[in-house]
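Participant: Fold the following for me, if possible:
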Amino acid sequence: MIESIIVDDEPKNINVLRKMLNEFCAEVEVIAEARDAQQAIALIQQHSPDLLFLDIEMPYGNAFDILDKLMPVNFEVIFITAFNDYALKAFKYSALDYLLKPININELKIAVGKAAANINSKNLGLQLKNLLDNLKNKNETLRKIAFPSKEGLIFISMGDIIRCEASGSYTHIFIKGREKIISSKSVKEYEEILPEAIFFRIHHSHIINLTEIKKYHRGRGGHVEMSDGALIDVAVRRKEEFLSRFT
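Facilitator: Sure thing, here's the model as predicted:
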C-alpha cells in the first residue's frame with residue numbers, strides 16, 4: 001500500500017479526494033489529513049508517508065513553505081490547485097505532477113501511477129529541490145529543467161540549452177558541453193514549457209535559445225548560425241516576430 005496524507009484547508013475537498021482514492025486508486029491508503037501548513041508538517045514528521053496530496057494555497061503558509069521546512073524529503077508529492085496559469089510551468093520544469101480542481105478521475109489515476117513508480121526512484125526529492133530552487137531564482141537562465149535519461153532525470157540550466165530540434169515525435173535537445181538528449185516530448189510541448197524570454201520557435205522543427213545565436217543571415221526568411229555551428233532556417237511567417245525580439 002501507498003501510505004498518503006491529504007493536505008487541504010477545505011474539508012469538503014479532502015472528503016471528495018478521499019472518496020475518489022478509495023474508489024479508483026485502491027493501492028493508496030489515506031493515513032492522515034491536514035488543514036493547514038503547521039498541522040501538515042507535524043503529521044508528515046509523525047507518519048513519514050510515501051505520498052502527499054498537497055494543496056498549494058493554504059492558511060499560514062503555502063505548499064512551498066511546507067516543503068522548504070521539510071527538505072530533504074523522502075516522499076512523492078502530487079500538487080493540487082484551483083489555478084491554471086503560467087506559474088504552473090514551474091512544475092513542468094521539474095517533471096512534477098499537479099491536479100486542477102475539480103479533480104479529473106483519469107488524471108488522478110495517472111498521477112498516482114506515476115507517483116507509485118517514482119517512490120523507489122533515486123530522483124525522489126531531487127525534483128522537489130529543483131522546484132524550490134527555481135521558484136527562488138529570479139534569473140530564468142539559471143533555472144533548471146528536468147530531462148529523462150536512462151539513469152533517471154537530468155537537470156539542465158535553461159541557459160545551457162542551445163536548441164531543440166524535432167525528429168519525428170521525439171525532440172533532440174542540444175546542450176553546451178555535453179551530448180544531446182533525446183526526449184519523447186514533442187517540440188510543441190517544449191515550446192509551451194520553455195520561457196519565452198529566452199527561447200523562440202524559429203521554424204516548425206526548431207526552437208532556439210536567442211542568447212546562443214552567433215549571426216543572422218538575411219534572406220527571404222534568412223537563417224541563423226548557432227553557437228554549436230548549426231545553421232537553421234527562419235520560417236518566412238516567423239521572420240517579422242523573430243526580428244522584433246532584437247529591437
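
Participant: Skipping adjacent residues, who's closest to the spatially most central residue of the chain in space?
Facilitator: Geometric centre of the chain, nearest residue: residue 92, 1.6 Å, by Cα atoms, centre = their mean. In space, and not counting its chain neighbours, residue 92 is closest to residue 193: 4.9 Å by Cβ to Cβ, 6 or more residues apart in numbering. No exception for glycine: its C-beta is placed from N, CA and C like everyone else's.

Participant: what's that neighbour in contact with, if anything?
Facilitator: Residues in contact with residue 193, defined by Cβ atoms under 8 Å, 6 or more residues apart in numbering, are 89, 92, 93, 145.

Participant: For residue 167, state which of these is nearest.
Facilitator: The nearest member of the contacts of residue 193 to residue 167, counting by Cβ to Cβ, is residue 145 at 18.8 Å.

Participant: The closest one is in contact with residue 160, isn't it?
Facilitator: No - taking contacts as Cβ atoms under 8 Å, residue 145 lies outside contact range of residue 160: 9.8 Å.

Participant: Those two: who's more crowded?
Facilitator: When neighbours are counted by other Cβ atoms under 10 Å, residue 145 and residue 160 differ, and residue 145 comes out ahead with 24 against 17.

Participant: my read is the more buried one is in a strand, agree?
Facilitator: Yes - checked against DSSP: H, G, I helix; E, B strand; the rest coil, residue 145 lies within a strand.

Participant: Excluding chain neighbours, what is closest to it?
Facilitator: residue 93 (4.7 Å).

Participant: in the protein, which ranges drop under the pLDDT threshold?
Facilitator: Judged by pLDDT under 70, the chain has its weakly predicted residues at 84-87, 120-124, 150-151.

Participant: so what are the domain limits for it?
Facilitator: 2-133, 156-244 (automatic domain parsing).

Participant: quick one: the longest one to chain centroid distance?
Facilitator: Per Cα atoms, centre = their mean, to the nearest Å, the displacement of domain 2-133 from the mean C-alpha position of its chain is 14 Å.

Participant: gap between the two ends of it?
Facilitator: 27 Å (Cα to Cα, to the nearest Å).

Participant: Which parts of the chain are helices?
Facilitator: Per DSSP state H, the chain carries helices over the ranges 11-24, 37-47, 63-70, 89-93, 105-118, 126-136, 187-193, 236-244.
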